[in-house]
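Trainee: one predicted model, sequence on top.
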Amino acid sequence: MYQYTCLNPIAGVGLDLFSDEYKKVDDLKDAQAALVRSAAMHDLDLPDDLLAVARAGAGVNNIPLDKCAEKGIVVFNTPGANANGVKELVFAGMLYASRDIVGGIDWCLANQSDENIAKTAEKQKKNFAGTEISGKKLGVIGLGAIGVLVANAAVHMGMDVYGYDPYISVNAAWNLSRSVKHISNVEDIYKECDIITIHVPLLDSTKKMINADAIAMMKPTAIVLNFARDLLVDEEAMVDALAAGKIKKYVSDFPNTTTVGAKGCIVTPHLGASTAESEDNCAIMAVREIRDYMENGNIVHSVNFPDCNMGACLTAGRIGILHKNVKGMISQYSTILGDADINVADMTNKGKGDYAYALIDVDSPVTEEVVNQLKAIDGVLRVRVIK
Ligand SMILES: NC(=O)c1ccc[n+]([C@@H]2O[C@H](COP(=O)([O-])OP(=O)(O)OC[C@H]3O[C@@H](n4cnc5c(N)ncnc54)[C@H](O)[C@@H]3O)[C@@H](O)[C@H]2O)c1
Ligand SMILES: O=C(O)CC[C@@H](O)C(=O)O
């Protein structure tokens, strides 16, 4: 029996995929697996029995990835599962910023008791007029799951699309419309584009990526959309630029005291992935990832360990070893198994950054003594007997 907990509400269609072998518990300290959305995990005590965390979503800045890795806890996310939900809201943001739709709605509400509202509206509507997005230059920073969908849809909306992503994956490049112009210097996007949208993860290297210098390069009519994370933008500088009329609008999905109510800011309450479809997709993918890891030891879509998938185990036993990505580990494992007269039928070892994972199928059961010897190797973070 495996025990799991949910640190945020997770869609039932995903949780229903847990078999009778899984029991939901309320407390993280009793769980071997945790499902999470945006709950902050940095200050949580991580129990020794916790094996896996699945982020039902893309961004993992709420999870202490290295602390988890050091404790042998595999962290997963659900790449692309909520990308369409975000893409659609990005277009809503573009439209809200291009015309004063919010001001127009507010005006209607404020005048709801006016019997002549239809007539008055025809006189007032010029105050809420704007521009169309077709024909405008859109700069997309970050061409991953969301950025590619935004860029491709913008092409279909008649926009002139520029894309910047020095680390674009082969898969994303294949999926990107050929009409998207490749930009190798992000400053060209800041200088040239009418609408700029950012879709990169929050990392030390991307924090305040859109800073005062970047904002200073933008056109006075520029619209900046941020559906990725607030800390990617120097929002103090953004608010100052908006107040001084140096750019037109800032649309953010991350409310805070700097932007909410500030001139030119349109802020939504982190709604990008809040659609039934995205929540279902994320929950389904997260539960599948957890189950595959718990039952087969396979790692698919981890953000702190390498992916490693050997399918179902067809031999007498399988062990998974999470370890530091240093030399000499595999030879130590094979010596211990060989000395115990255990034949290795199949094996995969993958490394990613500082961490690595070995999945070993064996022809006879692994004893507790062997497990203890493996655990005692310097650099081994966790040993799991999966079968
Ligand atoms: N508003 C929401 O509800 C919501 C929902 C989903 C994701 N997000 C945020 O959006 C981010 C992107 O999501 P995704 O699913 O597209 O992720 P993704 O991992 O598929 O794509 C991120 C892309 O950013 C690129 N990148 C990294 N550093 C870069 C840099 N310095 N310059 C340019 N490109 C860079 C990567 O190469 C990658 O292609 C997430 O990390 C998350 O923070 C927000
Ligand atoms: O879970 C959510 O609602 C938000 C998810 C989003 O920020 C993400 O990074 O995937």
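Mentor: In hand now; what should we look at? Ligands and ions are numbered 1, 2, ... in the order given.
Trainee: ok, so what distance separates the closest residue in space to residue 212 that isn't next to it in sequence from residue 265?
Mentor: In space, and not counting its chain neighbours, residue 212 is closest to residue 237: 3.8 Å by CB to CB, 6 or more residues apart in numbering. For glycine as for every other residue, the C-beta is placed from the backbone atoms N, C-alpha and C. The gap separating residue 237 from residue 265 is 13 Å, by CB to CB, to the nearest Å.
Trainee: now find how far off-centre the longest helix anywhere in the chain is within its chain.
Mentor: Secondary structure of the chain per DSSP state H: the longest helix is helix 276-296. Here helix 276-296 is found 14 Å from its chain centre; the criterion is CA atoms, centre = their mean, to the nearest Å.
Trainee: is ligand 2 within reach of that helix?
Mentor: No. Applying CB under 6 Å from any ligand atom, one finds helix 276-296 out of contact with ligand 2, separated by at least 7.0 Å.
Trainee: after that helix comes which helix or strand?
Mentor: strand 317-324 (DSSP states H and E).
Trainee: for the stretch 201-350 of the chain, which residues are neighbours of ligand 1?
Mentor: So the stretch 201-350 of the chain meets ligand 1 at 201-202, 206, 227-229, 253, 270, 272-273 (CB under 6 Å from any ligand atom).
Trainee: ligand 2 contacts on the stretch 151-300 of the chain?
Mentor: Residues of the stretch 151-300 of the chain lying close to ligand 2 (CB under 6 Å from any ligand atom) are 270, 272-274.
Trainee: from the residues you listed, which single one is nearest residue 91?
Mentor: Nearest to residue 91, judged by CB to CB, of these is residue 272 at 11.8 Å.
Trainee: pLDDT wise, what is the closest residue in space to that closest one that isn't next to it in sequence at?
Mentor: The spatially closest residue to residue 272, leaving aside those adjacent along the chain, is residue 86, at 4.0 Å (CB to CB, 6+ apart). Predicted confidence (pLDDT) for residue 86: 98.
Trainee: okay, now the domains of the chain?
Mentor: Per the TED database, the structural domains of the chain span 1-80+276-305, 83-267, 306-380.
Trainee: just to revisit the earlier point, pretty sure the residue nearest to residue 212 sits against residue 218.
Mentor: No. In this structure, residue 237 is not within contact of residue 218 by CB atoms under 8 Å, at 11.2 Å.
Trainee: and these two? Which one has more around it.
Mentor: Neighbours per residue (other CB atoms under 10 Å) separate residue 237 from residue 218, with residue 218 holding more: 23 against 18.
Trainee: give the contact list for that one.
Mentor: Neighbour list for residue 218: 190-191, 193, 196, 224, 241, 246-247 [criterion: CB atoms under 8 Å, 6 or more residues apart in numbering].
Trainee: number of nearby residues for residue 202?
Mentor: Look at residue 202: counted by other CB under 10 Å, it has 17 neighbours.
Trainee: I'd like the distance between it and residue 219.
Mentor: Residue 202 sits 26 Å away from residue 219, taking CB to CB as the criterion.
Trainee: residues near the closest residue to ligand 2 within the stretch 201-350 of the chain, how many?
Mentor: Nearest to ligand 2 in the stretch 201-350 of the chain, going by CB to the nearest ligand atom, is residue 273, at a distance of 4.0 Å. Residue 273 has 27 neighbours, counted by other CB under 10 Å.
Trainee: pick out the residue closest to the middle of the protein.
Mentor: For the chain, residue 58 is the residue whose C-alpha lies nearest the centre (CA atoms, centre = their mean; 1.5 Å).
Trainee: phi and psi next, for that one.
Mentor: Residue 58 has phi and psi values of phi -100, psi -50 when expressed as degrees, to the nearest 10.
Trainee: tell me how many other residues surround residue 17.
Mentor: Around residue 17 there are 15 other residues, counting by other CB under 10 Å.
Trainee: surely it meets residue 288?
Mentor: Yes. Residue 17 sits in contact with residue 288 when judged by CB under 8 Å, with a separation of 6.7 Å.
Trainee: quick one: residue 285 from residue 247, how far?
Mentor: 37 Å.
Trainee: can you report phi and psi for residue 252?
Mentor: Main-chain dihedrals, residue 252, degrees, to the nearest 10: phi -130, psi 150.
Trainee: what is it paired to in the beta sheet?
Mentor: Counting by DSSP bridges, residue 252 is bridged to residue 226, residue 267.
Trainee: check which element follows the helix or strand where residue 138 lies along the chain.
Mentor: Here residue 138 is covered by strand 137-141, with elements defined by DSSP H and E. Proceeding N to C from strand 137-141, the next assigned helix or strand is helix 145-156, under DSSP H and E.
Trainee: buried ones in that following helix, by neighbour count?
Mentor: Judged by neighbour count using 16 or more other CB atoms under 10 Å, the buried positions of helix 145-156 are 145-155.
Trainee: which stretches of the protein form helices?
Mentor: For the chain, applying DSSP H gives helices covering 12-15, 65-70, 83-98, 101-110, 117-124, 145-156, 170-175, 186-192, 212-217, 235-243, 276-296, 329-339, 368-375.
Trainee: pick the most deeply packed of those.
Mentor: Of these, the one with the most neighbours on average (mean count of other CB atoms under 10 Å) is helix 145-156, at a mean of 23.
Trainee: just send the residues of the stretch 151-300 of the chain next to ligand 2 back as a markdown table, with distance to residue 364 too.
Mentor: Shown next, in a markdown table, are those (distance: CB to CB, whole Å):
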| residue | distance to residue 364 |
| --- | --- |
| 270 | 51 |
| 272 | 50 |
| 273 | 46 |
| 274 | 50 |
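Trainee: top of these by number of neighbours, please.
Mentor: Within those, most neighbours by other CB under 10 Å means residue 273, with 27 neighbours.
Trainee: for that residue, which residues are in contact?
Mentor: Going by CB under 8 Å, 6+ apart, residue 273 touches 57, 82, 85-86, 279, 282.
Trainee: could you check how far the spatially closest residue to residue 129 that is not a sequence neighbour is from residue 24?
Mentor: Spatial nearest neighbour of residue 129, excluding adjacent residues (CB to CB, 6+ apart): residue 99 at 6.7 Å. In this view, residue 99 and residue 24 are 46 Å apart by CB to CB.
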